[in-house]
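Asks: what's the 3D shape of this:
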Amino acid sequence: MTSDIKNSPSRPLVDNGEAARNSVRSSLDGAANAVRPAFSHMSERAHDALDAATEQVERVGSRLRDDGRALWDAPETALKAVRVQVRDRPMAMLGAAVALGFIASWLMNRR
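Replies: Below is the predicted model of the structure:
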């Protein structure tokens, strides 16, 4: 029975079908091999861009965190500076407070 299939008139069609399939497979493999370097290069570039964006976001986040801490600590820092000035120059600070009071009073009564 097997020898009947090998010798049948449809055998050239089967051989041609296999040849066509092998030809298509070979063409697809060739196309994949041709595209692979470009695809690899694009993938590397995408990873590089993602790494650069990640670094930039981390730098901005770190700076915002540091600036936020400085802003949060600003009132305490200013209060410490005023305490030092009052301790070191009490009369000058008293004079500045009186002058500031007169200026504030004058501005409020100007209306």
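
Asks: give me the number of residues near Gln85?
Replies: By the criterion of other C-beta atoms under 10 Å, Gln85 has 13 neighbours. (C-beta placed from N, C-alpha, C; glycine too.)

Asks: Mean confidence (pLDDT) on the helix or strand where it lies, please.
Replies: For Gln85, the host element (DSSP states H and E) is helix 11-88. For helix 11-88, the mean per-residue pLDDT is 86.

Asks: and that helix, how far from the chain's centre?
Replies: In terms of C-alpha atoms, centre = their mean, to the nearest Å, the centre of helix 11-88 is found 7 Å from the chain centre.

Asks: Begin at 57 from now on, thanks
Replies: Sounds good: first residue 57 from here, last item helix 67-144.

Asks: Report the angle between the next helix or strand after it and helix 67-144.
Replies: Moving toward the C-terminus from helix 67-144, the next helix or strand (DSSP H and E) is helix 146-165. Inter-element angle recorded for helix 146-165 and helix 67-144: 110 degrees (by axes from the mean of the first three to the mean of the last three C-alpha atoms, to 10 degrees).
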